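Trainee: next one to model:
(one chain, ligands or ions: 1)
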Amino acid sequence: MVSERMKGLGTARSVIRELFEYGKIRAAEVGAENVFDFSIGNPSVPAPAEVNETAIRLLQEQPELIHCYTSAQGDLGGRQRFADSLNRRFGTSYSPDRLYITVGAAASLCCVFNGLTCPGDEFIVFAPYFPEYKVFIEGAGAKMVLIPPEIEAFQIDFDAFEKALTPHTKGVVVNSPNNPSGVVYSKQTLEQLASILTAKSREYGHPIYLISDEPYREIVYEGFKVEWIPSIYRDTIVCYSFSKSLSLPGERLGYVLVPEDVTDGNDVYAAVAGAGRSLGYVNAPSLFQQVTSLCCDLTADLKVYERNAQLLVGALREMGYHVVQPGGAFYLFPRSLEADDVAFSERAKKFDLLIVPGTGFGAPGHVRISYCVQTEMLQRALPKFKALADSYR
Ligand code: PLP
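Mentor: Predicted coordinates for the structure are as follows:
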């Protein structure tokens, strides 16, 4: 006997993975250059040279020490460097004692959901959303409550949101810049969210935590600003990752920040650390704790994503696709050209275009295009998008 839930999670591939695997099979048939894979969010620019140089230097200078266990919550020197960097950038005074280093944003989120959840708790998520949230929230024993998308701008449908809040609401998840819409939440959206959460926390007599999932914080385009959310809403817990900003998804490094003024912050931090312990997310990889903390003020050369966004948005609009302007990340979430986004994505496959149906992100009638690809490949794909659009005329 095994856990049916875990067996299901372990056997059913995500739609994104299905497409990605299909792409590999198709590449073997028609040649990799003829398959236009926009399915997965793997950064296409290399990590900065300093990352590799720092790793090599540390391996040479500290050959034994660098492979040792660190504190469960991460090495103090590394946490201090992360805190210093945040304090320089955002004018804050965070202490390393409120940072928990762990294996990417995925583990950060799991530590937070598991650390916060009491029986009966709910977390609100806004569509379109990163589908793993459901797995993480339910894995923590909580319920995910999904708010339908506001499809004109992919900000927040506040009427639906207010109706979904109950005394069981333990937290709300935001992800800006967003996967899959690429949209950045405006200051106005965040302030309205904060004011509702403040009023409701008071009414219910307990804090509603805002969990800010920020793997794309650094990928922001001209004319857009990613707000530092803890300065807008006090009870914000930040989940960060170096997977996209430093192009290091395989190294699995990120952190949870529980700012000093979060309500019951000492308990929240202890519970996050306890969840890390219970899930086995202790002592994130030692070498990359050091590397990322020494390189945390750098980013990979992220400009290519903005160039790709401009190219794709302009071309798709000309072809007749409806596209909400992205402000960052490296995703575009146009409307599908038929109501059934799954059928649309299937039809795209006939043109060797691999794009992910929006249904899995809670927004049917859309598809996700992950444009963290070479610009040259994107240019060659444009006639395929045109042919796909023409096939509907
Ligand atoms: N959150 C969002 C919105 C993501 O898109 C991803 C990865 O693509 C993650 C979390 C997980 O990131 P990590 O690789 O740091 O675990």
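Trainee: next one: phi and psi at Ser241?
Mentor: Ser241 has phi and psi values of phi -150, psi 150 when expressed as degrees, to the nearest 10.
Trainee: equivalent analysis for Phe126, please.
Mentor: phi -100, psi 130.
Trainee: numbering from 5 from now on, please.
Mentor: Okay, residue one is now 5; in that scheme the one you just asked about reads as Phe130.
Trainee: in the sheet, who's paired with it?
Mentor: When assigned by DSSP bridges, Phe130 has beta-bridge partners Ile151.
Trainee: any idea how many residues pack against it?
Mentor: Phe130 has 27 neighbouring residues, counting by other CB atoms under 10 Å. Every residue, glycine included, has its C-beta placed from N, CA and C.
Trainee: beta partners for the closest residue to the ligand within the stretch 155-304 of the chain?
Mentor: Nearest to the ligand, among the residues of the stretch 155-304 of the chain, is Ser245, at 3.1 Å (CB to the nearest ligand atom). In this entry, Ser245 is beta-bridged to Gly258, by DSSP bridges.
Trainee: ok, it touching Glu255?
Mentor: No - if you go by CB atoms under 8 Å, Ser245 and Glu255 don't touch, sitting 10.2 Å apart.
Trainee: neighbour count: the two, which is higher?
Mentor: Between Ser245 and Glu255, counted using other CB under 10 Å, the more crowded position is Ser245 (27 against 22).
Trainee: for the most centrally placed residue in the chain, give me its contacts.
Mentor: Centroid-nearest residue in the chain, with CA atoms, centre = their mean: Pro219, separated by 4.8 Å. Contacts for Pro219 were tallied using CB atoms under 8 Å, 6 or more residues apart in numbering; they are 108-109, 183, 244-245, 247-249, 258.
Trainee: let's see that with 7 Å instead.
Mentor: By CB atoms under 7 Å, 6 or more residues apart in numbering, Pro219 lies in contact with 109, 245, 247-248.
Trainee: give me the number of residues near Arg93?
Mentor: Neighbour count for Arg93, taken as other CB under 10 Å: 11.
Trainee: list the buried residues of the helix or strand harbouring it.
Mentor: Assessed by DSSP states H and E, Arg93 sits inside helix 80-94. Of the residues in helix 80-94, 82-83, 85-87, 90 count as buried by neighbour count, 16 or more other CB atoms under 10 Å.
Trainee: quickly name whichever of the residues you listed is closest to the ligand.
Mentor: Phe86 (14.6 Å).
Trainee: ok, that closest one to Val107 distance?
Mentor: Phe86 sits 15 Å away from Val107, going by CB to CB, to the nearest Å.
Trainee: what does Phe130 give?
Mentor: Phe130 sits 25 Å away from Val107, going by CB to CB.
Trainee: same deal with Gly366?
Mentor: For Gly366 relative to Val107 (CB to CB), the value is 26 Å.
Trainee: same check on Asp161?
Mentor: Relative to Val107, and taking CB to CB, Asp161 is found at 33 Å.
Trainee: now the buried residues of helix 80-94 in JSON lines, please, with extra columns for pLDDT and distance to Ser99.
Mentor: Below are the buried residues of helix 80-94 laid out as JSON lines (pLDDT from 0 to 100; distance: CB to CB, whole Å):
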{"residue": "Gly82", "pLDDT": "98", "distance to Ser99": "14"}
{"residue": "Arg83", "pLDDT": "98", "distance to Ser99": "9"}
{"residue": "Arg85", "pLDDT": "98", "distance to Ser99": "13"}
{"residue": "Phe86", "pLDDT": "98", "distance to Ser99": "11"}
{"residue": "Ala87", "pLDDT": "98", "distance to Ser99": "6"}
{"residue": "Leu90", "pLDDT": "98", "distance to Ser99": "11"}
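Trainee: including distance to Val149, could the residues you listed go into JSON lines?
Mentor: As requested, these are exported to JSON lines (distance: CB to CB, whole Å):
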{"residue": "Gly82", "distance to Val149": "36"}
{"residue": "Arg83", "distance to Val149": "33"}
{"residue": "Arg85", "distance to Val149": "37"}
{"residue": "Phe86", "distance to Val149": "32"}
{"residue": "Ala87", "distance to Val149": "33"}
{"residue": "Leu90", "distance to Val149": "30"}
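Trainee: now, which of those sits nearest Val39?
Mentor: When the buried residues of helix 80-94 are ranked by distance to Val39 (CB to CB), Phe86 comes first, at 39.0 Å.
Trainee: need the residues of the stretch 5-154 of the chain near the ligand, please.
Mentor: 45, 108-110, 134 (CB under 6 Å from any ligand atom).
Trainee: the stretch 155-304 of the chain too?
Mentor: Counting by CB under 6 Å from any ligand atom, the stretch 155-304 of the chain comes close to the ligand at 179, 183, 217, 219, 245, 247, 253, 258.
Trainee: what count of nearby residues applies to the closest residue to the second one other than its chain neighbours?
Mentor: Spelled out, it's Asn183. Nearest non-adjacent residue to Asn183, counting by CB to CB, 6 or more residues apart in numbering: Phe134, 5.1 Å away. Neighbouring residues of Phe134 were enumerated by other CB under 10 Å; the total is 22.
Trainee: same thing with Met10?
Mentor: Number of residues near Met10 (other CB under 10 Å) recorded here: 10.
Trainee: gap between the helix or strand containing it and the chain center?
Mentor: Following DSSP H and E, one finds Met10 within helix 8-15. On the basis of CA atoms, centre = their mean, to the nearest Å, helix 8-15 is displaced by 23 Å from the centre of the chain it belongs to.
Trainee: so what touches that helix?
Mentor: The contact list for helix 8-15, computed with CB under 7 Å, 6+ apart, reads Val139.
Trainee: what sits up against the helix or strand containing Ile105?
Mentor: For Ile105, the host element (DSSP H and E) is strand 103-106. Outside strand 103-106, the residues that touch it by CB under 7 Å, 6+ apart are 77-78, 82-83, 86-87, 112, 115, 258-261, 276-277, 280, 285, 288, 293.
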